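*Asks:* Let me see the structure of the following:
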Amino acid sequence: MKIGETILDIKGATIFQNDHLVLSDVNLTITKGEFIYLIGKVGSGKTSLIKTLNAEIPLKTGEANIIDFNLAKLKRKQIPLLRRKIGVIFQDFKLLTDRSVYDNLLFILQSTGWKNKRLIKDRIEHVLDLVNLKFKAYKMPHQLSGGEQQRVAIARALLNEPDIILADEPTGNLDPDTTNEIMNILFEISAKGRTVIMATHNYSTIQKFPARTIKCEGGKVFEKHSYNQVIELDILD
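*Replies:* I've put the predicted structure just below:
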């Protein structure tokens, strides 16, 4: 798949959290290499949309194709294959506190079928180098700053060379300077051809690092072209 080709296409989707309707008539097309902000108030559906893309929430109505997977027809045995093509970054890092940075990454690779020790070592060193942490591989999470822990989380998301990065409020617990550092890394990832979809409520970050912005509001999904103009996505179809 080349940069600019469609990597996510959603048509007429309805998203539920358990039996609660969260978003209806969702229409959204995203291409490979795009950086996308997903904004909206708490409870507006941002996280539910991300969980749908990652197959944590099943798609019951409508169509959605992500990478090479049809979410409406996704079988349980296909979910691990989908998730290897999607990297996820969380606000609270979700690192294993009882093991080193290296062993956090080792755990993920072993869990996803990697067996060759040389290839494992090379891959871990490579992703840590990408986030400028190659000299802190054997530090424990509590020995790292918040920004360093988030960089480990980004490295973890990159381990299996995913096509899409889903970042759910990745700078929510970080100070402004560290936020800038993390945003620069995420934009570098996007510039190299990976799609990044980032949920955030930090409007100052969006102003400093502008990119295409999608808004969840009132059970709908809109494309926000400016701070004063909101257009429903299905108008663009």
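
*Asks:* Correct me if wrong: T97 contacts M140.
*Replies:* Yes. Using C-beta atoms under 8 Å, T97 is in contact with M140, at 7.5 Å. For the C-beta atoms, the positions are set from N, CA and C on the backbone; glycine is no exception.

*Asks:* the more surrounded of these two?
*Replies:* M140 (16 against 9; other C-beta atoms under 10 Å).

*Asks:* Please list all residues in contact with the nearest residue to that one once chain neighbours are set aside.
*Replies:* Counting by C-beta to C-beta, 6 or more residues apart in numbering, the nearest residue to M140 once its immediate chain neighbours are dropped is S100, at 5.8 Å. Counting by C-beta atoms under 8 Å, 6 or more residues apart in numbering, S100 touches 137-140.

*Asks:* One more: A153?
*Replies:* 89-90, 93-95, 170.

*Asks:* Out of those residues, who's the most crowded?
*Replies:* Counting by other C-beta under 10 Å, top hit in these: P170 with 28 neighbours.

*Asks:* ok but that residue is inside a strand, no?
*Replies:* No. Counting by DSSP: H, G, I helix; E, B strand; the rest coil, one finds P170 to be coil, located in no strand.

*Asks:* How much space separates it from K220?
*Replies:* Separation of P170 from K220 (C-beta to C-beta, to the nearest Å): 25 Å.

*Asks:* Which of the three states applies to the residue positioned nearest the centre of the chain?
*Replies:* By C-alpha atoms, centre = their mean, the chain has its centre lying nearest to L166, at 0.8 Å. What three-state DSSP gives for L166 is strand.

*Asks:* That one: what's it in contact with?
*Replies:* Neighbours of L166 in contact, by C-beta under 8 Å, 6+ apart: 50, 53-54, 86-89, 197.

*Asks:* Keep only those of the residues you listed that are in helices.
*Replies:* Those of the contacts of L166 mapping onto helices are 50, 53, per DSSP state H.

*Asks:* Looking at the contacts of L166, point me to the pair that's furthest apart.
*Replies:* Of all pairs drawn from the contacts of L166, the one with the longest distance (C-beta to C-beta) is L53 and I89, at 13.4 Å.

*Asks:* quick revisit: quick one, which of the contacts of A153 has the minimum pLDDT?
*Replies:* The member of these with the lowest pLDDT is F90, and it reads 87.

*Asks:* which residues of this structure fall in helices?
*Replies:* 46-53, 79-83, 101-111, 117-130, 146-158, 176-191, 203-208.
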